[in-house]
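Chemist: Fold the following for me, if possible:
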Amino acid sequence: MKKIVYLIIVLSLLMAFSCNDHLDTRNLFDKNTQNFYQTPKDIREAISGVYNALYVQTNTGLGDEQIAATLLEDLTLAGGGNDDFFAHNAAGFLDPMDDTYRELWIETYNGVYRANSIIEAIEDATFTDYFSTENEAEVFKNNTLGEAYFMRGFLMFRAARFFGGMPLINSTETPRDSPRASYSETFGQIAEDFNKAASLMEDINVNAISINDYGHANRWVAKAYLARTFLHYTGYMTNIEKSATDELILPDGSAITKTDVIGHLEDVIASGGYELVPDFRNLWPYSYVNERAGEVILPWAENEGLEWVGQDGPNSTMGTGNTEVMFAQRYAFSGWDNTKFRNWGVLFFSVRGQELVPYGQGWGWAPVHPVFYNEWPDNDPRKRGSVLDLNADDEGVEDYNPAANNGYHQTGLIIKKYIQLQHDGPQGVKGMFYYMYNPGSDSDSYMLWTAQDFYYLRYADVLLMHSELTGTADGLNQVRSRAGLNNISYSLDALKKERMYEFAFEGVRWFDLVRWGDVENSTRNYYSREASVLNNNVEATYSVKYRSEIKGLLPIPESEIRLSNGVYNQNPGW
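Modeler: Below is the predicted model:
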């Protein structure tokens, strides 16, 4: 049975970290910044607290990277119902509210503070008393430092791609009202953290990662994120700021170059042990449901002979073993008292208003753009593997009623990668993950069954980044070959199209559009392409006009601007 992936116990522990030293209230948990970080167990719990900052207790959904980026990209519409104005505003590049994206901002700095606490506590520490040899103790310390630097960089990278220049809080003593750094300074600091992480953590082969350790960052993930950082920064500065650059300057004045990044990616390819799953569609849970004994649950997937690789790494006890996913946000079950550990994206993106076994219901956000879908070549298996066509006669969907959706921008095309799955089992029709993990009556609601992990990084991205940086077709054609497509010569246009099809609805497309400058070019995106939709079962059309004045950035939360006493300025266009 899958465990709650990050220790909830650390939440109570971390409460002590935010208390002022002068408070004389006795810490009932006997854990504080003076006596913690003493043992490897302490350190592992503290690292779990850093990962905990990936989760948001969201009411809007837009504090979640996956949801916000999917609504912003051009391949989806807004969707939802009459009261889902958060989705409508995000997809339309509007923000009449004060604090739409505040959860993302707050959790970023919660995690950064926790990472800083670990770095400061163990940089000069020794753990030789807990290991058989000094070398083992040193490896533990370096891996821990590397992971803390990685997570600090990751949290800042996640936020900076949305908000731009960020306050750089690089120690627990740095004032929280520090001014925002420039875009270049922010990405330089992020790159330095990823660079440190890659140099500190040991070489490891993905196949050697146990199921209990799966989900943590490693050296190869740090190297891949350094490449992502380089591509995003240089692309943004060149195509949005119109200040062309081909290097990323670190805080000490040294530079990360294209040659450096290519070397890191080639190191991942040569030594990481990652590889593409033979069939793209086996990455997604719908390829598991069709295996239920004695009953065809998903005729389309059954006919294709699909077999899920699972989401717990290469040694997963469920599925055949996943060697492609490099970094993911792990999800699990929780009760109504703490819903942050469910995958909100799956709930928000699923079919609105009706149960369609084997597909469960959700809120109908981000329906797929029909013009994009119709232009996607039918000979690409990723098309049907990424999108559920509710009107297709081989999907196993019966009695689909468009009128029952009672929502906006309904196209009959649903994101299939992240969708609620269900079947009729011993306890009635319940979610696939409910039957897999059997969480009990506390999770007896479709709104709590979304335990599917979100994939931040797949090995396919390493291959496509390598092609983009080298201008060669090697990695590009490996990804195409996996989809059963012919080899082609390299061109940037071909690379862009491949990334669009490979990573649709995975929170990647929006950032690609921004860094390439294609977000501002209506001939290179689907925003202005008119879509035929149903709004509460009334035929209509929908399109979006991107506002170039926002420069691919979201608004800084107004409450944070007010709290800064004028230190922060709002992003342009907001």
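
Chemist: from here on, contacts and neighbour counts on C-alpha atoms
Modeler: Will do.

Chemist: hey, which helix or strand in the chain has the poorest pLDDT?
Modeler: Using mean pLDDT, DSSP states H and E, the weakest-scoring helix or strand in the chain turns out to be helix 9-17, at a mean of 38.

Chemist: Grab the most central residue of the chain for me.
Modeler: For the chain, the residue nearest the mean C-alpha position is residue 456 (3.9 Å; C-alpha atoms, centre = their mean).

Chemist: my read: that one touches residue 327, true?
Modeler: Yes: under the criterion of C-alpha atoms under 8 Å, residue 456 makes contact with residue 327 at 5.5 Å.

Chemist: Only the buried residues of the helix or strand in which the residue nearest to the centre of the chain is found, if you could.
Modeler: Using DSSP states H and E, residue 456 sits within strand 454-458. Neighbour counts using 16 or more other C-alpha atoms under 10 Å place 454-455, 457-458 of strand 454-458 among the buried residues.

Chemist: Going along the chain, name the helices of the stretch 51-200 of the chain.
Modeler: Ranges of helices in the stretch 51-200 of the chain, per DSSP state H, counting those that start in this stretch, are 65-72, 85-91, 102-122, 134-163, 183-200.

Chemist: out of these, which comes closest to residue 396?
Modeler: Nearest to residue 396, of all these, is helix 65-72, at 26.0 Å by C-alpha to C-alpha.

Chemist: Pass me the low-pLDDT residue ranges in the stretch 351-500 of the chain, would you?
Modeler: Applying pLDDT under 70 to the stretch 351-500 of the chain flags no residue at all.

Chemist: Equivalent analysis for the chain, please.
Modeler: 1-35, 59, 291-296.

Chemist: Can you show me the strands along it?
Modeler: Along the chain, counting by DSSP state E, strands occupy 247-249, 255-257, 325-329, 351-352, 361-362, 387-389, 413-415, 422-425, 428-431, 454-458, 531-535, 538-542.

Chemist: Identify whichever of the helices of the stretch 51-200 of the chain lies nearest to residue 562.
Modeler: Nearest to residue 562, of all those, is helix 102-122, at 12.7 Å by C-alpha to C-alpha.

Chemist: I'd like to check what contacts stretch 213-224. Which residues are they?
Modeler: Contact partners of stretch 213-224, identified using C-alpha atoms under 8 Å, 6 or more residues apart in numbering, comprise 147, 150, 194-195, 197-204, 261, 264-265, 267-268, 272, 312-313, 326-330, 462.

Chemist: Make a PyMOL selection of whichever of the residues you listed turn out to be buried.
Modeler: Buried residues within the contacts of stretch 213-224, by 16+ other C-alpha under 10 Å, are selected in PyMOL with:
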select buried, resi 147+150+194+195+197+198+199+200+201+202+261+264+265+268+272+312+313+326+327+328+329+330+462
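
Chemist: returning to what we had before: out of the strands of the chain, which one sits most buried?
Modeler: Of all those, strand 351-352 has the most neighbours on average by mean count of other C-alpha atoms under 10 Å, namely a mean of 27.

Chemist: Each with direction, which strands does that strand pair with?
Modeler: Using DSSP bridges, the strands paired with strand 351-352 are strand 361-362 (parallel).

Chemist: ok now do the nearest residue to residue 120 once chain neighbours are set aside, which residues does it touch?
Modeler: Spatially, and ignoring its direct neighbours in sequence, residue 120 is nearest to residue 171 (7.7 Å; C-alpha to C-alpha, 6 or more residues apart in numbering). Going by C-alpha under 8 Å, 6+ apart, residue 171 touches 113, 116-117, 120.

Chemist: Out of these, which end up buried?
Modeler: Among the contacts of residue 171, those classed as buried by 16+ other C-alpha under 10 Å are 113, 116-117.
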